[in-house]
Each structure stands twice: as C-alpha cells, then as structure tokens.
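# Sequence plus the predicted model coming up.
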Amino acid sequence: MGGLSCFQFLFNSHNNDISNQPPATCIYHEPPPGVVSDYSNNPSVFGKILNGELPSSTYQENADFLAFRDRSPKAKFHALVIPKRYVQNVYSLTPDDVNLVQDMQQMGLELLEEEQPKALVDNDYILCFHIPPFNSVDHLHLHVLAPASEMNFVYRYGKYSCGARWCISDVEVIERLKGGQVAVPYKQ
C-alpha cells in the first residue's frame, strides 16, 4: 500500500450498500401551485431532477416535497428532502418559512420510520442542512442520515456535525425561525 492509500479507511462511505434502494428513474415531478411547471426558475441539479431530466431514487413524494437517495451516501441510509418550490439555501429562509422547514423535518422523520425504525427509536440519526459556502447544491435540502453510530468518523463528526460552522440541525433552524430570527447564526 503506497502513498496515502493507507488512509482510505477514513473516507469509506456507503456507496456500495444498495439494500432497500429505490430504482433510479427520470420522472417529471408535478410542481405545487405557483411554481413554474417546467421548473425553469430553478437552475440547480435538483431542478433537473424535478423536471425529469436527471434520474433519482425516490423514497417519498407529496405535493410540496420530494425525498430521494443521496447520490453519494455517507450513511447506511442517506436521503435528501427538498422543497419543489425553489429555495436557494438556508440563508434564503425567513420566519415565514418555518412551516416549510417543519414539513421537511416531518418527511425526514417519516423516512426514518419507514427505512430505519431502530435508528429513529434510538435517536441514532442526523437531520441537517449545510450552510453556504459548504453546501454542494444551491437548492435547500435536508440531509437524513442513519444510523449515525455506523457512519464513518470523518462524516459523522466532520461534514455532518451539527453546530459546526458548515452544518446546522433542523431543530436549530426551526427554533431560530420561530423566534423571528434568521435561520443561520452566521452572516452570509
């Protein structure tokens, strides 16, 4: 083993674990009222998924939200919950969006109940948002990861560590919005 390959174990993820993974398909997802039907106002890769231009492995969908498998999972179960209405990121949220975030949280918890019930009962999960510039896609998305206890150390205590400058929990966002504050305690 040469070079830095001896440290590869630090970055192993769950990319090859496809148990209970829905098939990846390109499907047009009906927008909620008031959203342009071709998602043309959404320049992100998630806009292309919603418009059926790119495949996703859908776990759950309703009129306002879509939940699908992360393309590079960092936990045994790693889903993303996105609003169909384009919201750029957590900095875009206002106190008027508290119901939106609560509904995203609810869908995340429902996913855990279906896919990782033991992790839900044991509180062995992470629900979080990445804070720009540490987000990978400019479309608000809630990460749903479980079981957290089985995640690689680098991801559990690094990339998805709520309270770090780059990551904030769903609960903190909701509390801040309910209190009339901005969603993130840092300036953009």
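Yep, that arrived.
# all contacts plus neighbour counts: C-alpha atoms, from now on.
Fine.
# Mind listing residues that contact stretch 106-121?
For stretch 106-121, the external contacting residues (C-alpha atoms under 8 Å, 6 or more residues apart in numbering) are 20, 59-60, 67, 77, 81, 125, 127, 142, 144, 146-148.
# cool, and stretch 144-156?
10-13, 74-81, 108, 112, 116, 119, 124-128, 161.
# Now intersect the residues you listed with the helices, please.
The helices, defined by DSSP state H, take in 108, 112, 119 from the contacts of stretch 144-156.
# Make a markdown table from the residues you listed and add distance to Asn89, pLDDT and neighbour count to it.
Conversion of these to a markdown table gives the following (distance: C-alpha to C-alpha, whole Å; pLDDT from 0 to 100; neighbours: other C-alpha atoms under 10 Å):
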| residue | distance to Asn89 | pLDDT | neighbour count |
| --- | --- | --- | --- |
| Gly108 | 17 | 98 | 24 |
| Leu112 | 23 | 98 | 23 |
| Ala119 | 27 | 98 | 18 |
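# for this protein, what are the low-confidence residue spans?
1-20 (pLDDT under 70).
# could you pull out the helices for it?
45-50, 98-115, 117-121, 153-154, 170-178.
# Now render these as a markdown table, adding distance to Cys26.
Below are the helices of the chain laid out as a markdown table (distance: least, C-alpha to C-alpha, whole Å):
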| stretch | distance to Cys26 |
| --- | --- |
| helix 45-50 | 7 |
| helix 98-115 | 21 |
| helix 117-121 | 28 |
| helix 153-154 | 32 |
| helix 170-178 | 29 |
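# Isn't Asp170 up against His130?
No. Using C-alpha atoms under 8 Å, Asp170 is not in contact with His130; the gap is 10.4 Å.
# Looking at these two, which is more packed in?
His130 (25 against 21; other C-alpha atoms under 10 Å).
# and the gap between that one and Arg69?
To Arg69, His130 is 17 Å away according to C-alpha to C-alpha, to the nearest Å.
# How about Gln106?
Gln106 sits 17 Å away from Arg69, taking C-alpha to C-alpha as the criterion.
# Enumerate every residue touching Pro23.
56-58 are the contacts of Pro23 under C-alpha under 8 Å, 6+ apart.
# Same check on Asp138?
Taking C-alpha under 8 Å, 6+ apart, we find Asp138 in contact with 44, 88-89.
# Save these as a markdown table, and put in neighbour count and distance to Arg156 too.
Listed next are those as a markdown table, based on neighbours: other C-alpha atoms under 10 Å; distance: C-alpha to C-alpha, whole Å:
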| residue | neighbour count | distance to Arg156 |
| --- | --- | --- |
| Ser44 | 16 | 26 |
| Gln88 | 16 | 25 |
| Asn89 | 19 | 22 |
